[in-house]
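S.K.: sequence plus predicted model, see below.
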2 protein chains.
Amino acid sequence: MFEFELQARSGRARAGRFLTPHGELLTPVFAPVGTAATVKALTPAQLHELGAQLVLSNTYHLYLRPGDELVRDLGGLHQFMQWPGPILTDSGGFQVFSLSDTRKIDDDGVTFKSHLDGSLHRFTPERSIAIQENLGADIIMAFDECPPPLDRAYNELALRRTHAWAERCVAAKTRADQALFGIVQGGVFADLRAESARFLTGLDLPGYAIGGLAVGESKAEMHAALDVVEPLLPAHKPRYLMGVGSPEDLVNGVARGVDIFDCVLPTRLARNSAALTRTGRLNMGNAVFARDPGPIEAGCTCYACRNFSRAYVRHLMRAGEILGAVLLTHHNVHLLLTMMREMRAAIERDSFASYAESFLRAWSRV
Amino acid sequence: MFEFELQARSGRARAGRFLTPHGELLTPVFAPVGTAATVKALTPAQLHELGAQLVLSNTYHLYLRPGDELVRDLGGLHQFMQWPGPILTDSGGFQVFSLSDTRKIDDDGVTFKSHLDGSLHRFTPERSIAIQENLGADIIMAFDECPPPLDRAYNELALRRTHAWAERCVAAKTRADQALFGIVQGGVFADLRAESARFLTGLDLPGYAIGGLAVGESKAEMHAALDVVEPLLPAHKPRYLMGVGSPEDLVNGVARGVDIFDCVLPTRLARNSAALTRTGRLNMGNAVFARDPGPIEAGCTCYACRNFSRAYVRHLMRAGEILGAVLLTHHNVHLLLTMMREMRAAIERDSFASYAESFLRAWSRV
């Protein structure tokens, strides 16, 4: 049911095709994030028009509200949010560990307080899988522990748990129509990353994620971690770099053999008046745009840029109008999805290095 | 440039065609409100798909932000908000008079404080027309005074001003591509309403609005005011009932010869979790909808009802997701625009009375 076909390579960059029960993913692919079963500010119809293939939703949020059993009873996440294509859910781990003060970790799992009403809850590997089976995504994630990337002792401890929990997730899983990905952890420590990659590939999972990055380490440390892990992961399985990214991180990730990405960046920036462009971020609330008749980004073909001026978008954001967030979300998601298609095409014609170089040169001019 | 053709009648209900520089309006017509140059939560593309013909924008709001001169310099309101069809702007009067504590009226105009920053501003009839000419709508409104509908003495005083100001608006107007409508005032007082209708029709304007209703008087009083005014207005000019309305008010207005309506109701209710249906309002935040797999309104063909469950819409509203407001706005605007098309068709086949009776019977069962 899950098949990954490697179609082309250009250096370490890969173009592939990942078959899921809800259709194929042409990789490299970027997943917009639909935390609460909606990619903020977009309808599924708009998301489809933008060329999105994969959407990520958050287990922690959906478990708390509206509840995974409710989603199951309403036909599962695809039906509930009317996204007919592939969906990925995270394990809930990252969110739970981010609750710092209000959670308690032991070897069996994590007890935490809801950010909504302070009520007590407990996630274990088995519980995370049961919730993700209720939600019904195509790709589900093993429950892992996400320590701060620079803390060696904590990373050693957490890695033992993450590996034990991965085995428990494999044992707990019952649905054949979901692909369970393991998550390579180990912070910025090459030996731990390598140990984690070797351990998880031993479980022969349909895909592998690289977790715990883009959370405070330097770009060089992120690249080094990818450089350690990539050769240790099987070439015929998809690799997913979690929570990444920015335009430059996407290019640097694809350059290091990553196939799948997700990030709240394009949607979150949009709601904060920021436009992503090929030469950096623009704060559309800036007075310099007040009378600017040009599009958000010259040459962009998204709905927002084809129709509206920077002056109008700035006005909408200042007035707190929903359409402002809608238009900037269109633009930002369009840019990242367009970049993914461009990178795939560059890989297919074996010219990824020159694409990456030219993209990063424009980006760094900011 | 502005031509109103009466195409059919059914009782006092009228079907017509109003030619404007940005296309024709098939009446009766309902204008969704785009206060700040955007119909809240909808893109112009979605508004067009919903069959909207006319959009209303607010002079007061656009004058303060982003400024009417900025809109003019960016090509006018049609270009700025990318609504290629007809636009109507109000005069700013209603908003300014609603600022109760922070405005001062004299025979020449009104001095008021901005709700945004407390700065002092002044509107006169001439200023209102100049601003509306900068905005560039197809239909513009005379600057009028809107007194509480039940205060006889105030209505007498205000009517003298409204009439004098209407003459000044006519004199101030310079653009031939804008139709200036006069506004019949007079509260709930039949003699004042009649006096106002007679005075304004004497100015031979291209259309007439009925103002100062739906602001606190009873339904019977609103209907009585319409019954007085309607026979006094020329049959070959469009009539516009300002700030109305609810489904039942639209039916009752069309029954009394009104051609044009506008109201924030469908969009404002949507952002407050309320769905308009043919049998009344639904609070979509209600727990009773938590597991309801049905559409917002059975039989509705809008994008929201064709795709999403009440359970999902309720979840979105509880989670504060933009998509919740987007879907409910789709639904509410779709209902009112569909009703207008149904009423026009009923008038064309001379069966408006039975349409109205059947609609109002279902509505009153609530």
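M.R.: Arrived safely, thanks for sending. Treat the numbers as computed from the prediction; the structure is a model and nothing was measured.

S.K.: switch to C-alpha atoms for all contacts and neighbour counts from now on
M.R.: Fine.

S.K.: next, count neighbours for residue A:91.
M.R.: Around residue A:91 sit 25 other residues, with neighbours defined as other CA atoms under 10 Å in any protein chain shown.

S.K.: got it, and the one 4 residues further on?
M.R.: Neighbouring residues of residue A:95 were enumerated by other CA under 10 Å; the total is 15.

S.K.: next one: it relative to chain B, how far apart?
M.R.: Per CA to the nearest CA, to the nearest Å, residue A:95 is found 17 Å from chain B.

S.K.: try residue A:65
M.R.: For residue A:65 relative to chain B (CA to the nearest CA), the value is 7 Å.

S.K.: I figured that residue was touching residue B:315, is that so?
M.R.: Yes: between residue A:65 and residue B:315 a contact is recorded at 7.5 Å, counting by CA atoms under 8 Å.

S.K.: with neighbour numbers in mind, choose between the two.
M.R.: Between residue A:65 and residue B:315, counted using other CA under 10 Å, the more crowded position is residue B:315 (25 against 18).

S.K.: list the helices and strands the helix or strand where residue A:191 lies packs on?
M.R.: Applying DSSP states H and E as the criterion places residue A:191 in helix A:190-201. Counting contacts by 3 or more CA pairs under 8 Å, 6 or more residues apart in numbering or on different chains; DSSP states H and E, helix A:190-201 packs against helix A:152-172, strand A:179-184, helix A:219-229.

S.K.: for chain B, which of the ones you listed is the nearest?
M.R.: Evaluated over the helices and strands packed on helix A:190-201, closeness to chain B peaks at strand A:179-184, with 25.6 Å, by CA to the nearest CA.

S.K.: what pairs with that closest one, parallel or antiparallel?
M.R.: strand A:139-141 (parallel), strand A:207-210 (parallel) (DSSP bridges).

S.K.: can I get it in CSV, CA atoms only?
M.R.: The C-alpha trace of strand A:179-184 is given here as CSV (Å, rounded to 0.1, in the frame of the first residue of the first chain):
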residue,chain,number,x,y,z
ALA,A,179,2.6,4.2,7.3
LEU,A,180,4.4,4.6,10.6
PHE,A,181,7.6,6.6,10.4
GLY,A,182,10.3,6.4,13.0
ILE,A,183,12.0,9.6,14.2
VAL,A,184,15.8,9.9,14.3
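
S.K.: buried set for it?
M.R.: Neighbour counts using 16 or more other CA atoms under 10 Å in any protein chain shown place A:179-184 of strand A:179-184 among the buried residues.

S.K.: swap in stretch A:255-270?
M.R.: A:255-270.

S.K.: output the longest helix belonging to chain A.
M.R.: For chain A, the longest helix by residue count, based on DSSP state H, is helix A:322-348.

S.K.: average model confidence for that helix?
M.R.: Helix A:322-348 shows a mean pLDDT of 98.

S.K.: which residue does the stretch 201-350 of chain A have closest to chain B?
M.R.: For the stretch 201-350 of chain A, CA to the nearest CA, closest residue to chain B: residue A:322, 5.2 Å.

S.K.: the stretch 1-150 of chain A now?
M.R.: residue A:41 (5.3 Å).

S.K.: what parts of the stretch 151-300 of chain A come near chain B?
M.R.: A:291, A:293 (CA under 8 Å from any CA of the partner chain).

S.K.: redo that, cut-off 10 Å
M.R.: Contact residues, the stretch 151-300 of chain A versus chain B (CA under 10 Å from any CA of the partner chain): A:290-293.

S.K.: which ones among the buried residues of stretch A:255-270 map onto strands?
M.R.: Using DSSP state E, the members of the buried residues of stretch A:255-270 that fall in strands are A:260-263.

S.K.: got those as a markdown table, with distance to residue A:242 and pLDDT columns?
M.R.: Shown next, in a markdown table, are these (distance: CA to CA, whole Å; pLDDT from 0 to 100):
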| residue | distance to residue A:242 | pLDDT |
| --- | --- | --- |
| A:260 | 8 | 98 |
| A:261 | 6 | 98 |
| A:262 | 6 | 98 |
| A:263 | 8 | 98 |
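
S.K.: how about those residues in JSON lines, adding distance to residue B:13?
M.R.: Output for those, formatted as JSON lines (distance: CA to CA, whole Å):
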{"residue": "A:260", "distance to residue B:13": "60"}
{"residue": "A:261", "distance to residue B:13": "59"}
{"residue": "A:262", "distance to residue B:13": "56"}
{"residue": "A:263", "distance to residue B:13": "55"}
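
S.K.: which among those gets closest to residue B:58?
M.R.: Lowest distance from residue B:58 to those (CA to CA) belongs to residue A:263, with 38.2 Å.

S.K.: mind checking how far the closest one is from residue B:130?
M.R.: According to CA to CA, to the nearest Å, residue A:263 and residue B:130 sit 48 Å apart.

S.K.: residue A:238 now?
M.R.: Residue A:238 is 63 Å from residue B:130, by CA to CA.

S.K.: more neighbours, the two?
M.R.: For residue A:238 versus residue B:130, neighbours defined as other CA under 10 Å are more numerous around residue A:238 (26 against 19).

S.K.: excluding its backbone neighbours, what's nearest the more buried one?
M.R.: residue A:207 (5.0 Å; CA to CA, 6 or more residues apart in numbering or on different chains).

S.K.: got the contact list for the nearest residue to residue A:254 once chain neighbours are set aside?
M.R.: Distance criterion CA to CA, 6+ apart; nearest residue to residue A:254, sequence neighbours excluded, is residue A:13 at 5.3 Å. Neighbour list for residue A:13: A:28, A:251-259, A:343-344, A:346-348, A:350-353 [criterion: CA atoms under 10 Å, 6 or more residues apart in numbering or on different chains].

S.K.: if we go to 6 Å?
M.R.: By CA atoms under 6 Å, 6 or more residues apart in numbering or on different chains, residue A:13 lies in contact with A:254-255, A:257.

S.K.: quick check, pLDDT for residue A:95.
M.R.: pLDDT at residue A:95 comes out at 88.

S.K.: where's it, which helix or strand?
M.R.: Going by DSSP H and E, residue A:95 is in helix A:93-98.

S.K.: what are the buried residues along that helix?
M.R.: Quick answer for helix A:93-98 (16+ other CA under 10 Å): A:93-94, A:96-97.

S.K.: re the thing from before, what number of residues lie near the residue of the stretch 201-350 of chain A closest to chain B?
M.R.: For residue A:322, using other CA under 10 Å, the count is 22.

S.K.: what secondary structure does the closest residue in space to it that isn't next to it in sequence sit in?
M.R.: Excluding the flanking residues, the one nearest residue A:322 by CA to CA, 6+ apart is residue B:41, at 5.2 Å. Secondary structure assignment for residue B:41 (DSSP: H, G, I helix; E, B strand; the rest coil): coil.

S.K.: got phi/psi on residue B:41?
M.R.: Backbone dihedrals for residue B:41, given as degrees, to the nearest 10, come out at phi 80, psi 0.

S.K.: residues contacting it?
M.R.: A:322-323, B:326.

S.K.: quick one: it and residue A:33, what's the gap?
M.R.: Taking CA to CA, one finds residue B:41 at 20 Å from residue A:33.

S.K.: that older thread, tabulate the contacts of residue B:41 (CSV), appending distance to residue B:142.
M.R.: Output for these, formatted as CSV (distance: CA to CA, whole Å):
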residue, distance to residue B:142
A:322, 30
A:323, 30
B:326, 33
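
S.K.: beta partners for the residue nearest in space to the middle of chain A?
M.R.: With distances taken as CA atoms, centre = their mean, residue A:262 lies nearest the centre of chain A, 1.6 Å away. Beta-bridge partners recorded for residue A:262 (DSSP bridges): residue A:31.
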